[in-house]
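**Student:** just coords:
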């Protein structure tokens, strides 16, 4: 689709929607998204959607017919840095939204490294994999007592073998 979708406007005419990235101050993505939504509604600016990606800091995505509309809606916002030049493709954004199903490749007994959360950097052994929920149940090996935890599948990776 090349970053465009056709949508119907309130007047019945067809408008081409494109995805634009807006640079923000890290940690303020949700604040900017809510302000954009409010401004677009109150000033009747055709912003179709605002997306805050949980794994991408410092950027939000805005779906609109043209970049100048996105620039207008963020004008004067303290934590919005500007519109990134160019249009994003929907296929690229889909990969960022869809959760990674890393848990599918893991087997019980396998040693993994925890890469996110409070146990980050620790080694653990896979007890069981729950593919429908994309979760992995682990025994933490670095703990001084038996500790079993459940983490999202994208929070672990197979441990590198030392040899």
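**Tutor:** Looks like it came in fine. These figures come from a predicted structure and were not determined experimentally.
**Student:** ok, longest strand in the chain?
**Tutor:** Secondary structure of the chain per DSSP state E: the longest strand is strand 14-24.
**Student:** in it, what counts as buried?
**Tutor:** Across strand 14-24, burial judged by 16 or more other C-beta atoms under 10 Å covers 15, 17-24. Bear in mind the C-beta positions are built from the backbone N, C-alpha and C, glycine included.
**Student:** Compute the distance between the most centrally placed residue in the chain and residue 65, please.
**Tutor:** Centrality entry for the chain: nearest residue to the mean C-alpha point is residue 53, 2.9 Å, by C-alpha atoms, centre = their mean. Using C-beta to C-beta, to the nearest Å, residue 53 is found at 21 Å from residue 65.
**Student:** By average pLDDT, which secondary structure element in the chain comes out worst?
**Tutor:** Here the helix or strand of the chain ranked lowest by mean pLDDT, DSSP states H and E is strand 4-8, holding a mean of 51.
**Student:** Give the rounded mean pLDDT of the biggest helix by length in the chain.
**Tutor:** Ranked by number of residues, the top helix in the chain under DSSP state H is helix 29-42. In this model, helix 29-42 carries a mean pLDDT of 96.
**Student:** if we can go back for a sec, now do the phi/psi pair for the residue nearest to the centre of the chain.
**Tutor:** Per-residue torsions, residue 53: phi -90, psi 130 (degrees, to the nearest 10).
**Student:** What residues does it make contact with?
**Tutor:** Contacts here follow C-beta atoms under 8 Å, 6 or more residues apart in numbering; on that basis residue 53 touches 59-61, 93, 96-97.
**Student:** Please indicate which of the residues you listed are buried?
**Tutor:** Buried among the contacts of residue 53 (16+ other C-beta under 10 Å): 59-61, 93.
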